[in-house]
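Trainee: Please find the sequence and the predicted model below.
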Amino acid sequence: QVQLVESGGGLVQPGGSLRLHCAASGTILTIYTMGWYRQAPGKQRELVATITNDGRINYADSVKGRFTISRDNTKNTVFLQMNSLEPEDTAVYYCNANVRTFTQRTPYIYWGQGTQVTVSS
């Protein structure tokens, strides 16, 4: 019913920047919170940043001041601008959205397939 597709990952040198993009499609009535999570090898998935449909934002302490989350509600998209990247930011980044569809009585959380971000010299 709902698909999330991420793009924008890749290989970048330390100190570089990347911009991730996630587009939601399907029988969407309302998207509440959208967010980015990441999972490094051998580690649990962790929150990176979230943004509500009225613009409230939350960041993990490790990315504050370096990453910026934003969204375009008219296009059901969420972005993650990542600056001053560090090797510790290397992970698979997943998009997440809390969505109510035309056929569901309650919202449901959907995940994208993930996009690899590698920070290395």
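Mentor: Looks like it came in fine.
Trainee: What is the burial count for Gln116?
Mentor: When counting by other CB atoms under 10 Å, one arrives at 12 neighbours for Gln116. Using the backbone N, CA and C atoms, a C-beta is placed for each residue, glycine as well.
Trainee: What number of residues are in the vicinity of the closest residue to it other than its chain neighbours?
Mentor: Sequence neighbours aside, Gly9 is the residue nearest to Gln116 in space, at 4.9 Å (criterion: CB to CB, 6 or more residues apart in numbering). By other CB under 10 Å, the residues close to Gly9 number 19.
Trainee: can you give me the strands for this protein?
Mentor: If DSSP state E is used as the criterion, the strands of the chain fall at 2-7, 10-12, 18-26, 28-39, 46-51, 57-59, 67-72, 77-82, 91-101, 108-111, 115-119.
Trainee: Return the residues in contact with the residue nearest the centre of the chain.
Mentor: In the chain, the centroid-proximal residue (CA atoms, centre = their mean) is Trp36; its distance is 2.6 Å. With contact set as CB atoms under 8 Å, 6 or more residues apart in numbering, Trp36 has these partners: 20, 22, 48-50, 69, 78, 80, 93-96.
Trainee: any idea how far Phe67 lies from Asn96?
Mentor: 15 Å (CB to CB, to the nearest Å).
Trainee: same deal with Tyr110?
Mentor: Where Asn96 is concerned, Tyr110 sits at a distance of 7 Å (CB to CB).
Trainee: residue ranges with poor pLDDT in this structure?
Mentor: Of all residues in the chain, none has pLDDT under 70.
Trainee: Any idea what the residue nearest to Ser7 when sequence neighbours are not counted is bridged to?
Mentor: Leaving aside its sequence neighbours, Ser7 sits nearest to His21 (CB to CB, 6+ apart; 5.0 Å). As for beta bridges, His21 partners with Ser7, Phe79 under DSSP bridges.
Trainee: these two touch, right, His21 and Gly9?
Mentor: No - here His21 lies out of contact with Gly9, judged by CB atoms under 8 Å, at a distance of 9.8 Å.
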